[in-house]
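Trainee: Sequence first, then the predicted structure, then my questions.
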Amino acid sequence: MGNCLRKRPLQIQTQECPTCHERFQQGQPFSSHVAQCRPMQHQPRIQIIQQIAPQQVEIQIAEPPQVRVSPGQYLIDEFKNNKPKEYWCKELQPESKTKYRWVLKISQPLPCKNVQEMLALPQNQVQNLDFASKQIWFRLKLETLRISWQQGADSLHVNHGSFLMTTLGTYKEINWHKEVKVHIDGDKGMDAGGLLREWSSVIMKEIIHPESGLFLKADTDDVSYKINSEADVDEHVLDCFKLLGTVIGKCIFERIPINAYLDRSIIKHMIGQPVLLEDMYFYDRPLYQSWDYLLNNKFSGTDLQEYFAIYRKSRGDFYELKPKGEQIMVDMDNIQEYVNLCIDYYTYTSIKPFLMAFLNQLFKIIPKNYLSIFTPLQLEMVLYGVPFIDLKDWRENTQFKGAYYRNHVTITWFWEVLESFDQLKLAKFLQFCTGSQRTPVEGFRKLETNRGNYSKFCIESVPFKNETPFPKAHTCTNRLELPIYENKEDVELYLNAIVNADMEGQFGLE
C-alpha cells in the first residue's frame, strides 16, 4: 500500500487552555483566562441520563463510559425549536427495488418534549419514526457514550512518510469515545477537528482503493466497493479491516460524511439485516440479473445444468454450498435455496474473517443495536451525507466577517465563480474549506464543530498580498479567509488553482 501524498505544514491559528481546552482566537484574552481557569468552572450546562446497557449481540461491545456530557447546541435547538424542517432523503423510486432518488422532505415534529423523554423511547418505537427523529435519537444515544473533552483528549501521532503504517501502530491505544487530536510528526499545529476529517478521508482511500488488494470495485452503475474475498488472511490485512471499522465508527460518532461507498451487503451487515437478492444489484449486477432470471422463469429437466457448488478460480476447486453439493442439481423445487446460499457465500462466507474484523471494531464505537434502527438507505444517508452540493443552500447559510457582507463586490464575484464550477469542482472546494466533500442531509445549516456546536461556513476578509494571494481555509471551524481581490479575474484564477490542485493528504489547511 502506498504512502500518503504531500502534506503542507500546519500553522497555529488558535491557542488552547491546558485546563479546560477552550480555544482562543488571536486577540482574545488567552493569558488572563489561563491564569484564572479552574476545572469546575467548565462543567456541562445540560446533562443526559446514563445509557441503558445495549442488548446482547453476537459481537461483544465494551461497557460504555459512565460520563454525562452536554448533547450540544444542535440537539438542544431541536427540542427548543420543534418545527418541521427540510432535509434531503434517499428513497426507492416507485415500483422499484433497485433504483433510488433524492427528494426534499419535511421532518415530522419530534415525539418527545426533551432529551430525557427521547432517550427513554423503546427501540421498536424509534424504528417507526421518520429519519429526522431517528437521527436525533441516534445522536443522543451516542452522546451517552462520549467522554467529555473536559477530561482530556487522546492524541494520534502519524508520520508524513508512512501515514497508514504509523496509524496502524497507534490506533489501538486510543479511546475513540474521547476527543481525538491528530498530530503530524514534525508539525506544531493543533487539531480542532479539521485534521481528523482529513485523516479519516486519507486512511479510507488507502485501505479501500483497489490497489490495496483489500477491496474491489463493485460491478454496478455507481462507484462502490466490495471486500476482496481473495485477499490474504494475515495479521496485517485483518488489522487494516479493523482500522477501517475504527475510522468509519469515528466518522459516524463525529458526524463526518465519508467519501467512499461500501456495497449494499456491507450496509446490511452493519444494521443486522439479511442480504436479499435486490441487494446484489449493488454488489454484482450480472450476478443479480442471472439469479433474477432463474427465479422468474420456468425450466424443465436438466435445462439449468447447475449444481450446489461454486467454482473458485483462484484456488482451482469447488466450494459446496451444502453437503454433497457437487452432486445436487438445481431444479425448480430448490432454485430459491440455491440462490439464497449463493448470496450468503459471496456476501458472508467468502469474506467472513475480513467482515468480522471490520464489524467487531465498528461495534466497539457504535453499538450494533443503535445502528439497527435505520433502513439501508437511511444508514447510507448517515454515512455519506448528500452526494451533490446545493449552491443556493450554501449561499443562504454563509456568514461574513471583517469587511465582507452579503453584497460586497468580492463576495458577488466569489459566488459567480462557484456557479461556473461543476459538481466535482464544488466538492473539491468544499473539501478545501471544511475537510469534507459532502454536507449532512440537513444541508449547510447543520455544519458543526467536532463538539456539536453550530459552525456555519464563514468568509472572512483579509488584505490581498502578492506574496500570499490564495484563500486560506480553516477546516476546523469551516472558515475561509478570502483576500479582497480587485477584479473577478483574480477570484477566478485563485479559486480554480485550489480546485485543480491535488488536495488529498494536504494536511494543515488550518
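Mentor: It's in.

Trainee: All the strands of the stretch 1-150 of the chain, residue numbers only.
Mentor: Counting by DSSP state E, counting those that start in this stretch, one finds strands in the stretch 1-150 of the chain at the ranges 14-16, 23-25, 86-92, 100-106.

Trainee: For the last one, could you pull out the residues that count as buried?
Mentor: If I follow you right, that is strand 100-106. Neighbour-count burial for strand 100-106, counted by 16 or more other CB atoms under 10 Å, picks out Lys105. C-beta: built from backbone N, CA, C; applies to glycine.

Trainee: Starting from it, tell me which strands it pairs with and how they run.
Mentor: strand 86-92 (antiparallel) (DSSP bridges).

Trainee: thinking again about what came up before, now the strands of the stretch 1-150 of the chain as JSON lines including mean pLDDT and distance to Trp291?
Mentor: Formatted as JSON lines, the strands of the stretch 1-150 of the chain follow (pLDDT from 0 to 100; distance: least, CB to CB, whole Å):
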{"stretch": "strand 14-16", "mean pLDDT": "49", "distance to Trp291": "56"}
{"stretch": "strand 23-25", "mean pLDDT": "52", "distance to Trp291": "55"}
{"stretch": "strand 86-92", "mean pLDDT": "90", "distance to Trp291": "20"}
{"stretch": "strand 100-106", "mean pLDDT": "91", "distance to Trp291": "21"}
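
Trainee: Let me have the ones you listed in JSON lines, extended by distance to Tyr338.
Mentor: Formatted as JSON lines, those follow (distance: least, CB to CB, whole Å):
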{"stretch": "strand 14-16", "distance to Tyr338": "61"}
{"stretch": "strand 23-25", "distance to Tyr338": "60"}
{"stretch": "strand 86-92", "distance to Tyr338": "27"}
{"stretch": "strand 100-106", "distance to Tyr338": "28"}
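
Trainee: count of neighbours near Gln257?
Mentor: Small correction: residue 257 is Pro, not Gln. 22 (other CB atoms under 10 Å).

Trainee: Apologies, that question was intended for Asn259.
Mentor: 20.

Trainee: which residues does the spatially closest residue to it that is not a sequence neighbour contact?
Mentor: Among residues not flanking Asn259 along the chain, Gln437 sits closest, at 5.5 Å (CB to CB, 6 or more residues apart in numbering). Residues counted as contacts of Gln437 (CB atoms under 8 Å, 6 or more residues apart in numbering) are Pro257, Asn259, Ala427, Lys428, Leu430, Gln431.

Trainee: what about the fourth one, how many neighbours?
Mentor: Neighbour count of Lys428, defined by other CB under 10 Å: 19.

Trainee: Give the helix, strand or coil label for it.
Mentor: Using DSSP: H, G, I helix; E, B strand; the rest coil, the structure places Lys428 in helix.

Trainee: cool, the first one as well?
Mentor: State at Pro257, reduced to three classes by three-state DSSP: coil.

Trainee: Run a quick check on it versus Glu380, I expect a contact.
Mentor: No. At 10.7 Å, Pro257 does not count as touching Glu380 under the criterion of CB atoms under 8 Å.

Trainee: tell me the mean pLDDT over stretch 493-507?
Mentor: Stretch 493-507 comes out with an average pLDDT of 74.

Trainee: begin at 52 from here
Mentor: Sure, I'll start numbering at 52, so the last one becomes stretch 544-558.

Trainee: Return the distance of Thr426 relative to Leu372.
Mentor: In this view, Thr426 and Leu372 are 29 Å apart by CB to CB, to the nearest Å.

Trainee: Looking at these two, which one has more neighbours?
Mentor: Between Thr426 and Leu372, counting by other CB under 10 Å, Leu372 is the more crowded of the two (21 against 17).

Trainee: and Asp236, how far is that from Ile258?
Mentor: The gap separating Asp236 from Ile258 is 21 Å, by CB to CB.

Trainee: er, Trp445 actually
Mentor: Using CB to CB, Trp445 is found at 30 Å from Ile258.

Trainee: With Val177 instead?
Mentor: Distance from Val177 to Ile258, counting by CB to CB: 32 Å.

Trainee: what sits against Glu470?
Mentor: Taking CB under 8 Å, 6+ apart, we find Glu470 in contact with Leu442.

Trainee: where in this structure is pLDDT low?
Mentor: Applying pLDDT under 70 to the chain flags the ranges 52-125, 237-244, 352, 500-504, 553-561.

Trainee: ok, 50 please
Mentor: For the chain, applying pLDDT under 50 flags the ranges 52-65, 69-72, 81-120, 556-561.

Trainee: report the longest helix in it, please.
Mentor: Identified as the longest helix of the chain according to DSSP state H is helix 286-305.

Trainee: Can you mark which positions in that helix are buried?
Mentor: For helix 286-305, using 16+ other CB under 10 Å, the buried residues are 288-305.

Trainee: Packing partners of it?
Mentor: Judged by 3 or more CB pairs under 8 Å, 6 or more residues apart in numbering; DSSP states H and E, the packing partners of helix 286-305 are helix 214-221, helix 245-259, helix 403-416, helix 427-435.

Trainee: residues near Ile322, how many?
Mentor: Here the count is done by other CB under 10 Å, and Ile322 has 17 residues near it.

Trainee: That one is in contact with Asn420, isn't it?
Mentor: No. Using CB under 8 Å as the test, Ile322 is too far from Asn420 to be in contact (9.9 Å).

Trainee: now the helices for the stretch 252-401 of the chain?
Mentor: For the stretch 252-401 of the chain, applying DSSP state H, counting those that start in this stretch gives helices covering 286-305, 315-322, 336-346, 386-398.

Trainee: so which of the ones you listed gets nearest Lys148?
Mentor: Among the helices of the stretch 252-401 of the chain, helix 336-346 comes nearest to Lys148, with 9.9 Å by CB to CB.

Trainee: tell me what that closest one is packed against?
Mentor: With contacts defined as 3+ CB pairs under 8 Å, 6+ apart, the packing partners of helix 336-346 are helix 386-398.

Trainee: chain center to the helix it packs on: distance?
Mentor: Helix 386-398 sits 30 Å away from the centroid of its parent chain (CA atoms, centre = their mean, to the nearest Å).

Trainee: I am finished for the moment; much appreciated.
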